[in-house]
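Trainee: structure, please.
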Amino acid sequence: MDKFNRNVWWVLGLPFDAVTMDETIELIHNAVRTREKCFISTPNLNFLIASQKDSDFRNSVINSDLSVADGKPIIWLAKLLNAPLPERVAGSDIIERLIENREGNKPIKVFFFGGQKGIAQLACEKLNIQNQGLRCVGFYNPGFGTVDEMSSSEIIEEINQSDADFVIVSLGAKKGQAWIEENKDKLEAPVISHLGAVVNFIAGTVNRAPKIFQKLGLEWVWRIKEEPGLWKRYFMDGIGFIKLIILHLLRLILSNGKSNSNKQS
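Mentor: Predicted coordinates for the structure are as follows:
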C-alpha cells in the first residue's frame with residue numbers, strides 16, 4: 001500500500017488513517033485476497049508517549065501501510081487538534097471482527113509469534129475450536145532474545161512454511177515493531193501487525209474490559225486489575241498524556257490569542 005496515497009492525519013508526530021472499523025476489516029480482507037503487503041500499526045497512548053523520544057519506534061509507525069487509533073485518548077487528542085478520525089479502531093476489536101466475519105467459506109490463516117510460554121499454543125487451539133473467520137496455522141515462542149536472534153532464517157522459514165495470511169506479533173510494542181520492520185519483506189504473509197494483548201485474550205488468560213470501560217476510556221483500569229504489573233506503565237503514560245494536553249492547550253490558546261490580535265489590528 002502506498003503510504004502517501006491515504007487519508008492520513010498527524011497527531012503529535014504519528015500518522016493515523018481516517019478509517020472506520022468496517023473499512024479496516026475490508027482492507028485486511030482485500031490484502032489477503034490480493035496478497036498485497038499490509039503492515040498494520042495500532043498506536044495507543046503508550047505508542048504516542050514512547051514515540052516522542054524514540055525515533056526508530058516512531059518511524060516504524062510512519063512506515064506502516066495502515067495506522068489506526070487504538071485508544072480513546074488518541075481520539076480525544078485528535079479532536080483537540082482538529083484531526084477528523086472517525087472512531088477508535090482497536091487491535092483487539094479488529095481480531096474479534098475477523099473471527100466473527102468469515103468472508104465466503106475461507107477463513108484467514110493466522111500465525112502467532114511471541115507471547116508468554118504456552119500462551120500462543122493455547123490461543124491457537126482455542127481459536128481453531130471456534131471454526132470461524134480466523135484459523136491458526138502455527139505459533140512460535142522466540143523467548144527473550146534480541147531482534148536479530150529472533151530473525152534467523154530458520155524462524156522466518158517456519159513462519160513462511162505455515163502459509164499464513166496474517167502474522168500476529170506479541171513481543172512488547174517496541175521490540176514487536178522493530179521485529180516487523182526487520183522481517184516484513186522476508187515474510188510471505190501479506191498482513192502483519194503487533195497486537196500484544198490479543199494472544200492473551202484469545203487464550204483466555206486475560207479477560208478484556210467490559211464494553212462500558214472501553215467506551216469511557218477506562219480500559220486501562222481493567223487491564224491493571226487483570227495484570228497488576230502494568231500499573232507503572234499506565235501511570236507514566238497518564239502523566240505524559242496530561243503534559244501533552246496542557247502543552248497543546250496552551251499552544252492553541254496562544255495561537256488563538258495571536259489570531260484575535262491580528263484581526264483587531
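Trainee: what strands flank the helix or strand hosting residue 193, and is each parallel or antiparallel?
Mentor: In this structure, residue 193 sits in strand 191-194 according to DSSP states H and E. Using DSSP bridges, strand 191-194 pairs in its sheet with strand 38-41 (parallel), strand 166-170 (parallel).
Trainee: save those as TSV, and put in mean pLDDT and mean neighbour count too.
Mentor: For glycine as for every other residue, the C-beta is placed from the backbone atoms N, C-alpha and C. Converted to TSV, the strands paired with strand 191-194 look like this (pLDDT from 0 to 100; neighbours: other CB atoms under 10 Å):
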stretch	mean pLDDT	mean neighbour count
strand 38-41	96	25
strand 166-170	96	25
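Trainee: in TSV: the ones you listed, plus distance to residue 219.
Mentor: TSV is the format used below for the strands paired with strand 191-194 (distance: least, CB to CB, whole Å):
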stretch	distance to residue 219
strand 38-41	19
strand 166-170	18
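Trainee: so for residue 129, which of the ones you listed sits nearest?
Mentor: Distance to residue 129, taken as CB to CB, is lowest for strand 166-170 among the strands paired with strand 191-194, at 17.5 Å.
Trainee: what residues of the helix or strand that the closest one is followed by count as buried?
Mentor: Helices and strands here follow DSSP H and E; after strand 166-170, the next one along the chain is helix 173-183. Residues of helix 173-183 classed as buried by neighbour count (16 or more other CB atoms under 10 Å): 173, 174, 175, 176, 177, 178, 179, 180, 181, 183.
Trainee: ok, and the closest non-adjacent residue to the fifth one?
Mentor: Taking CB to CB, 6 or more residues apart in numbering, and ignoring the residues beside it in sequence, residue 177 has residue 60 as its nearest neighbour in space, at 3.9 Å.
Trainee: quick one: the one you found from residue 48, how far?
Mentor: Going from residue 60 to residue 48 by CB to CB, to the nearest Å gives 13 Å.
Trainee: next one: residue 232
Mentor: Distance from residue 232 to residue 48, by CB to CB: 17 Å.
Trainee: neighbour count: the two, which is higher?
Mentor: For residue 232 versus residue 48, the count of surrounding residues by other CB atoms under 10 Å is larger for residue 48: 25 against 10.
Trainee: does residue 116 count as helix, strand or coil?
Mentor: coil (DSSP: H, G, I helix; E, B strand; the rest coil).
Trainee: and it, how many neighbours?
Mentor: Residue 116 - counted by other CB under 10 Å - has 13 other residues nearby.
Trainee: spit out the contact partners of it.
Mentor: 141, 200 (CB atoms under 8 Å, 6 or more residues apart in numbering).
Trainee: coming back round to it: now the buried residues of helix 173-183 as a markdown table including distance to residue 28?
Mentor: As requested, the buried residues of helix 173-183 are arranged in a markdown table below (distance: CB to CB, whole Å):
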| residue | distance to residue 28 |
| --- | --- |
| 173 | 20 |
| 174 | 24 |
| 175 | 23 |
| 176 | 18 |
| 177 | 18 |
| 178 | 22 |
| 179 | 20 |
| 180 | 16 |
| 181 | 20 |
| 183 | 19 |
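Trainee: may I ask which two of these are separated the most?
Mentor: For the buried residues of helix 173-183, and using CB to CB, no pair is farther apart than 173 and 183, which are 16.2 Å apart.
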